[in-house]
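Novice: My questions concern the predicted model and sequence given below.
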Amino acid sequence: MSFPLFAQKTTVRATIQPSDILIGEQAVVNVEAIAPKGRDIIFPVFGDTLITGIEVLKMLEPDTVMTEVMTISQKYIVTSFDSTLYHVPYMQVVDGTDTLRTNDFGLKVSAPQLSDSTLAYLEKLKNHETDSIDFEKLQIFDIKDVQSPPIVWQDYLEYLYIPLIIILILALIGLAVYFVMRKKKKGYFFTPKVVLPPHVVALQGLDKLKASKLWQKGQEKEYYTELTDILREYIDHRFNIDAPEMISDDIIDAVHLATDTKSATDGLSQILKLADLVKFAKYTPFTDENDLSLVNAYLFVNQTKIEERTSLEDQKKEEKGDESNKEKEQQS
């Protein structure tokens, strides 16, 4: 038979799942109709009984699937309380003016398996050998109390999101406060470079030059080059005189105007003039001249350096000392 001819005819069938149940359990009867589109299919409506012994608990909403034809499924939930094998000969479906019958099907209902002790107790009841009823022996139990479901941590995960976010925010705030306090305590997140006073840098350079013993090794030119470089850098930072770019005479004149310490100026003049002879005239200085140049360099730095206040307490002590000296002078 070709599909176009088959599609003009409505077919119906019935199934039941499961087909074997215990007393009181439920099964689903499914009546399926395959019909051409547009047909008016009417399924049977039951009161409370499908057949004698099979009760209808609920009739579900029909489920329709449209393809080339129309497939409609109507389901019924049934149960039974008598243990036997039920035979349903057919179920009627109306298609317009036609009444169609489904195939037959069966439902087996079994009683629960009782233990030997329960069967023996039932026999006693039957023979009136006991008057009391023991529900435990009959395997009849009361309804169980409502039990709490097992705790599954995944079920509570959504409730942990907010506390976790709060903890994270508090941790970030704590880190921010820590770094701010650290910055306030140290001044910076990194250790700032210590800037030494000009005279300290110069004295350290002279100490290093003295330890190198350049002129003792016959390197007089290198010795005086480093010596004058140390002094030129010191003058630049101490007096704000661009000594590295000036000739010796201009340096001496500028320092003479910046300080009134004549001995220091004379010592600087001795160093610079002797250094010019060594570097440009290839003059070889005597040992005493080399020693004198280093001594004059120390003297120049120490006599022209800026004395720093070690602390506020020292400054107050000096002020008190000056006041006491004035009082003594007035008393005398």
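Specialist: Perfect, thanks for sending it.

Novice: any idea how far residue 81 lies from residue 25?
Specialist: 10 Å (Cβ to Cβ, to the nearest Å). The way it works is simple: take the backbone N, C-alpha and C, and place the C-beta from them, glycine included.

Novice: And the helix or strand hosting residue 291, how far out from the chain middle?
Specialist: Take DSSP states H and E as the rule and residue 291 turns out to sit in helix 287-304. Centroid separation for helix 287-304 versus its chain: 65 Å, with Cα atoms, centre = their mean, to the nearest Å.

Novice: Please name every helix or strand in contact with that helix.
Specialist: With contacts taken as 3 or more Cβ pairs under 8 Å, 6 or more residues apart in numbering; DSSP states H and E, helix 287-304 sits against helix 198-212, helix 220-239, helix 262-280.

Novice: Could you identify which of these has the lowest mean pLDDT?
Specialist: Of all the helices and strands packed on helix 287-304, helix 262-280 carries the lowest average pLDDT, namely a mean of 89.

Novice: Keeping just the C-alphas, turn that helix into PDB.
Specialist: Taking C-alpha atoms only, helix 262-280 is exported to PDB below (Å, rounded to 0.1, in the frame of the first residue of the first chain):
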ATOM      1  CA  LYS A 262      91.900  82.600  52.500                       C
ATOM      2  CA  SER A 263      93.900  79.500  53.600                       C
ATOM      3  CA  ALA A 264      91.400  77.300  51.800                       C
ATOM      4  CA  THR A 265      91.600  79.400  48.700                       C
ATOM      5  CA  ASP A 266      95.400  79.400  48.700                       C
ATOM      6  CA  GLY A 267      95.400  75.600  49.100                       C
ATOM      7  CA  LEU A 268      93.000  75.200  46.100                       C
ATOM      8  CA  SER A 269      95.200  77.500  44.100                       C
ATOM      9  CA  GLN A 270      98.300  75.400  44.800                       C
ATOM     10  CA  ILE A 271      96.400  72.200  43.800                       C
ATOM     11  CA  LEU A 272      95.000  73.500  40.500                       C
ATOM     12  CA  LYS A 273      98.200  75.200  39.300                       C
ATOM     13  CA  LEU A 274     100.400  72.200  40.100                       C
ATOM     14  CA  ALA A 275      97.800  69.900  38.400                       C
ATOM     15  CA  ASP A 276      97.900  72.000  35.200                       C
ATOM     16  CA  LEU A 277     101.700  71.700  35.100                       C
ATOM     17  CA  VAL A 278     101.500  67.900  35.500                       C
ATOM     18  CA  LYS A 279      98.700  67.400  33.000                       C
ATOM     19  CA  PHE A 280      99.800  69.900  30.300                       C
END
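
Novice: List the buried residues for it?
Specialist: For helix 262-280, a neighbour-count test (16 or more other Cβ atoms under 10 Å) marks 264, 265, 267, 268, 269, 270, 271, 272, 274, 275, 276, 278 as buried.
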